[in-house]
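Student: Show me how the following folds:
(one chain, ligands or ions: 1)
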Amino acid sequence: MHKILVTRSSMPDITEYVDEISSLFESHWITNAGEKHEELTDRLRDYLGVRALSLTVNGHMALEIALSLLDLKKGGEIITTPFTFVSTTHAIVRSGFTPVFCDIREEDCCMDPDKIEEKITENTVAIMPVHVYGNMCDVKRIGEIGKKHGLKVIYDAAHTFGVKLLYEGEWRGSGSFGDLSCFSFHATKVFNTIEGGAVCCRNEEEARMVTELRDFGIADEETVKYISPNAKMNEFSAAMGLCNLRHVDAEIEKRKKVNDLYRERLSDIKGVRLISERQDQKSNYAYFPVFIDKDEYGEDRDRLFSRLGEKGIGARKYFYPMVTKLDCYRDSYDSSETPVAGRMADSVMTIPMYADLSPEDVDKITEIIRNRE
Ligand SMILES: *Cc1c(COP(=O)(O)O)cnc(C)c1O
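Tutor: Here you go, the predicted model:
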């Protein structure tokens, strides 16, 4: 059986990568802010349209380091979303803060700005929203709320590499919003360094602090300023990033073709809801989520998921279960406080999405979805 996985990592031609890493075999400098690392930092700053950034070993550590950078009161509450990858919540809890879960909007699964203020207490120290599936949060309203209440805003931007938002008449990179924005360059993301991530900052001074924080808190050979872990990116990952960055626009263009074909094939199927496309946003087509209304569709999400699986098609229930229903969190948080997130998690499934997914495969997948049993 011809199997189709839910995603497929972007990789350069082997000769391009070998070429890129060959100098490392001469220098023997393979980590600790080497030549590839420095070049990737510069390139990404330009590509993402941010003032400053520092690379990390993965997206999760980018979140933890962002939280340690801002000098927030320990034990404070951070308003976040339960509709995310568990990393966002883990970063908050592992850093000694208390997550407070705000519900999401049905139209794009991002944090609902109308529901943030009711969650603010005297213990609130920050807001950590997530741009979900490549769709940007309402950064304007969230920014205003943060400002009004003196709260820092840290975005989990793991899904929005290369996304641009039309903001006050200007196209701006997704990493340029909030006090800090964190990316993941994991193998399954639109842009990868195998494992990797970055914290985007407002200025070079902050980026330098991130650089110290991701390196045991070391400022120079004789000065250790912070009690911090090791979260550096190595040269082989940075080299992979340099190669992948050369092709990422072409990859996004190919993803757009897959996206357009999916939309054409799925738009008239009753009970299958898609997230609407926005005019004020250039998407990266990171994921293709479908939401199954079991009454209208005649089958529930889990049934469709199994049917796809039986035919060799790997879909993913992403994000399901929602974070507050996971074993490690369900005794501490009340899932009934975020009913929209609960409903979306119970009906969502992301279907295969990657640059080289063929039109024939899209047809095969959409035919299975169209022909209920
Ligand atoms: C991938 C992802 C992360 C974690 O990134 P890693 O690079 O895997 O550590 C965090 N948040 C979200 C929303 C993600 O999708």
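Student: The nearest residue to C110 once chain neighbours are set aside: neighbouring residues, count only.
Tutor: Leaving out its chain neighbours, the residue that sits closest to C110 by Cβ to Cβ, 6 or more residues apart in numbering is C137, at 4.3 Å. Every C-beta, even on glycine, is put in place using the N, C-alpha and C of the backbone. Using other Cβ atoms under 10 Å, C137 is surrounded by 31 other residues.
Student: which residue sits closest to Y333, ignoring its sequence neighbours?
Tutor: T324 is the one closest to Y333 (Cβ to Cβ, 6+ apart), at 4.2 Å.
Student: ok, that neighbour touching P339?
Tutor: No. Distance between T324 and P339: 11.5 Å, which falls outside the contact criterion (Cβ atoms under 8 Å).
Student: In terms of neighbours, single out the busier of the two.
Tutor: Here T324 and P339 are compared on neighbour count by other Cβ under 10 Å; more neighbours surround T324, at 22 against 10.
Student: In contact with the more buried one, which residues are there?
Tutor: Listed by Cβ atoms under 8 Å, 6 or more residues apart in numbering, the contact set of T324 reads P82, F101, R330, Y333, D334, S335, T338.
Student: repeat for I369
Tutor: Contacts of I369 by Cβ under 8 Å, 6+ apart are L266, I269, V272, V290, L304, L308, I351.
Student: for L245, same thing?
Tutor: L40, R43, L44, Y47, F191.
Student: can you rerun that using 7 Å?
Tutor: Counting by Cβ atoms under 7 Å, 6 or more residues apart in numbering, L245 makes contact with R43, Y47, F191.
Student: Among these, name the ones in helices.
Tutor: Among the contacts of L245, DSSP state H puts R43, Y47 in helices.
Student: Just among the contacts of L245, which is most surrounded?
Tutor: For those, neighbours tallied by other Cβ under 10 Å; top is F191, 24 neighbours.
Student: Grab the nearest non-local neighbour of that residue.
Tutor: F161 (4.5 Å).
Student: Am I right that the one you found sits in a helix?
Tutor: No. Using DSSP: H, G, I helix; E, B strand; the rest coil, the assignment for F161 is coil, not a helix.
Student: Might you report the residue contacts of it?
Tutor: Residues near F161 by Cβ under 7 Å, 6+ apart: F183, K189, V190, F191, N284.
Student: roughly how far apart are it and F319?
Tutor: Distance of F161 to F319, computed by Cβ to Cβ, to the nearest Å: 18 Å.
Student: that older thread, which of the contacts of T324 are close to the ligand?
Tutor: Near the ligand, judged by Cβ under 6 Å from any ligand atom, there are no entries from the contacts of T324.
Student: all helices of the stretch 201-350 of the chain, in order?
Tutor: 204-213, 235-266, 294-297, 301-310, 339-347 (DSSP state H, counting those that start in this stretch).
Student: if you go through the stretch 1-150 of the chain in chain order, where are the strands?
Tutor: 52-56, 77-80, 98-101, 124-128 (DSSP state E, counting those that start in this stretch).
Student: Give me the distance from the second one to the chain's centre.
Tutor: In this case it means strand 77-80. 18 Å (Cα atoms, centre = their mean, to the nearest Å).
Student: Can you spell out which helices and strands pack onto it?
Tutor: In terms of contacts (3 or more Cβ pairs under 7 Å, 6 or more residues apart in numbering; DSSP states H and E), strand 77-80 is packed against helix 86-94, strand 98-101, strand 124-128.
Student: Once you drop chain neighbours, what's closest to A66?
Tutor: For A66, ignoring the flanking residues on the chain, the nearest one in space by Cβ to Cβ, 6+ apart is L180 at 4.5 Å.
Student: Now do that neighbour, the pLDDT please.
Tutor: L180 carries a pLDDT value of 98.
Student: Spatially nearest residue to V57 (excluding sequence neighbours)?
Tutor: A231 (4.6 Å).
Student: Just the local confidence number for that neighbour, please.
Tutor: pLDDT, A231: 98.
Student: With the one 3 residues further on instead?
Tutor: Note for N234: predicted pLDDT of 98.
Student: ok, now how distant is the closest residue in space to it that isn't next to it in sequence from E222?
Tutor: Among residues not flanking N234 along the chain, T31 sits closest, at 4.1 Å (Cβ to Cβ, 6+ apart). Separation of T31 from E222 (Cβ to Cβ) stands at 21 Å.
Student: Pull up the residues of this protein that are close to the ligand.
Tutor: So far as Cβ under 6 Å from any ligand atom goes, the chain lies against the ligand at 58-60, 84-85, 87-88, 130, 156, 158-159, 184, 186, 197.
Student: could those go into TSV alongside pLDDT and neighbour count?
Tutor: Shown next, in TSV, are the residues of the chain next to the ligand (pLDDT from 0 to 100; neighbours: other Cβ atoms under 10 Å):
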residue	pLDDT	neighbour count
N58	98	20
G59	98	25
H60	98	24
T84	98	24
F85	98	19
S87	98	23
T88	98	25
V130	98	25
D156	98	29
A158	98	27
H159	98	23
S184	98	28
H186	98	20
G197	98	27
